[in-house]
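> this one's structure only:
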């Protein structure tokens, strides 16, 4: 998986985006989420596409959490809990797209990948919450209507796991 620069203040292994005006992979995933969510398959051309797939799947999980319709402050807490909860990485049995992602070659590489994905999860949760809530204290129905859709017919959280 590509280690792409992020526009974030969250500590982690991702390089910082030097141009504050430039978008990053999280911005791209949020921008194209509503169109991408309808895909049953996705043509992977490079490692950045793998990151985009992961973020799109994670945005779906974030929207499921936001379906509760709580206040923005509670939503931020719930998304932080989701981001910091235990999650599977490529190569582990619970990861839904092991056929598309390469298994980490060493324990250090696995730890770095887990830290990178955690950094992405935290930043994505913050941005999607701001996008869904905006200046309101209730979520936008135009975002939440996509919460029940499944990108590529996959989900990051197994059916028996509670959020």
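Perfect, I can see it now. From a predicted model like this one, the values you see are computed outputs, not experimental measurements.

> Mind pulling the model confidence for the residue lying farthest from the centre of the chain?
Within the chain, residue 106 marks the point farthest from the mean C-alpha position, 23.7 Å out by C-alpha atoms, centre = their mean. Per-residue confidence (pLDDT) for residue 106: 94.

> Please state the backbone phi and psi of it?
Note on residue 106: backbone dihedrals following degrees, to the nearest 10 are phi -150, psi 160.

> residue contacts, it?
Contact analysis of residue 106 by C-beta atoms under 8 Å, 6 or more residues apart in numbering lists nothing. Placement of C-beta: from N, CA and C, glycine included.

> next one: residue 6
Under the criterion of C-beta under 8 Å, 6+ apart, the neighbours of residue 6 are 12, 14, 15, 16, 17, 24, 25, 26, 119, 120, 123.

> Give the buried subset of those residues as a PyMOL selection command.
This is the PyMOL syntax for the buried subset of the contacts of residue 6, where burial follows 16 or more other C-beta atoms under 10 Å:
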select buried, resi 12+14+17+24+25+26+119+120+123
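
> taking the contacts of residue 6 one by one, which sit in helices?
Members of the contacts of residue 6 lying in helices (criterion: DSSP state H): 25, 26, 119, 120, 123.

> follow-up on the earlier one: please report how far the residue farthest from the centre of the chain lies from residue 54.
Residue 106 sits 20 Å away from residue 54, taking C-beta to C-beta, to the nearest Å as the criterion.

> still on that earlier bit, where's the residue farthest from the centre of the chain relative to residue 93, distance?
19 Å.

> What segments of the chain are helices?
In the chain, the helices defined using DSSP H lie at 25-36, 47-66, 72-84, 107-133, 141-144.

> any idea of the mean pLDDT in the third one?
Across helix 72-84, the average pLDDT comes to 95.

> And the contacts of residue 6, which is the shakiest by pLDDT?
residue 17 (85).

> Who are the contact partners of that residue?
The contact partners of residue 17, taken as C-beta under 8 Å, 6+ apart, are 5, 6, 7, 8, 24.

> could those be laid out in a markdown table, adding distance to residue 112?
Putting these into a markdown table (distance: C-beta to C-beta, whole Å) gives the following:
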| residue | distance to residue 112 |
| --- | --- |
| 5 | 15 |
| 6 | 15 |
| 7 | 20 |
| 8 | 16 |
| 24 | 19 |
